[in-house]
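**Q** Predicted structure and sequence below. I'll ask about it afterward.
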Amino acid sequence: MMDPRFRQFGADDVQRLIAEYPLAWVLSPGAPAASASLLPMLGTYDADGMLTGLVGHMSRGNPLCALFAADPAAQFLFTGPQGYVSPEHAGRRRWGPTWNYAALRIEAEVRVDADLTAEALDRLVEACERGRAQPWTVAELQERYTGMLGAIIGFEARVTALDGTFKLAQDEDGEVLDRLLEVHPDAPLRAWMERMNKTRLT
């Protein structure tokens, strides 16, 4: 049985995971596995920071277009930081190895709409280019932009259910946690272990 501490997370954890790991598996429940697609997604949030929706785009030839037109139900699977944790990292040879990770499972209703395409693309580019010395914009495509828009289509998803697992050393004692945060070679994984154990470290 999974430790209940791995299921304790907040709206800010969801928002950060999607921002840092936006590439999600998108599925139409009941459809063949081959129709699942990896698509970059952006979250939309209410005034309290709760995830209310997802915005994205895909090729017009993607099988999901027809599937969502027939049935808007969708699943989005986000995988965040993950990595192997060795007894060497824990500093205890009799300690069992494990795998730390964070993941979100989201159910939603999708609306595919050509009128959403330009906005979805602009938002994704802006999010991905943010912080660069010279952020790229879609306007730099010039005449190619119109052709590209014709090949893709935007969509939005209204979140109906959300579940997550953040297995990030919450079950380890303080000595092991401190050592993992000191020696584990995966810096993003260490940052998330620290984040999910911050109340124990203060």
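**A** Good, I have the coordinates.
**Q** separation between the residue lying closest to residue 42 once chain neighbours are set aside and residue 108?
**A** In this structure, residue 42 finds its nearest non-sequential neighbour in residue 55, 4.8 Å apart by CB to CB, 6 or more residues apart in numbering. For glycine as for every other residue, the C-beta is placed from the backbone atoms N, C-alpha and C. In this view, residue 55 and residue 108 are 11 Å apart by CB to CB, to the nearest Å.
**Q** do residue 12 as well
**A** Distance from residue 12 to residue 108, by CB to CB: 20 Å.
**Q** With neighbour numbers in mind, choose between the two.
**A** residue 108 (22 against 11; other CB atoms under 10 Å).
**Q** Tell me, how many residues neighbour residue 167?
**A** 21.
**Q** Look up which residues are beta-bridged to it.
**A** For residue 167, the beta-bridge partners under DSSP bridges are residue 101.
**Q** Show the contacting residues for it.
**A** Contact partners of residue 167, counting by CB atoms under 8 Å, 6 or more residues apart in numbering, are 2, 3, 6, 99, 100, 101, 102.
**Q** on that earlier part again, what is the burial count for the residue nearest to residue 42?
**A** Residue 55 has 18 nearby residues by other CB under 10 Å.
**Q** what stretches of this protein score poorly on pLDDT?
**A** 202 (pLDDT under 70).
**Q** any idea where the helices of this structure begin and end?
**A** Ranges of helices within the chain are 11-20, 63-70, 87-90, 117-129, 144-151, 174-183, 187-196, 198-201, based on DSSP state H.
**Q** if we can go back for a sec, which of the contacts of residue 167 ranks first by neighbour count?
**A** In terms of neighbours by other CB under 10 Å, the contacts of residue 167 top out with residue 102 at 27 neighbours.
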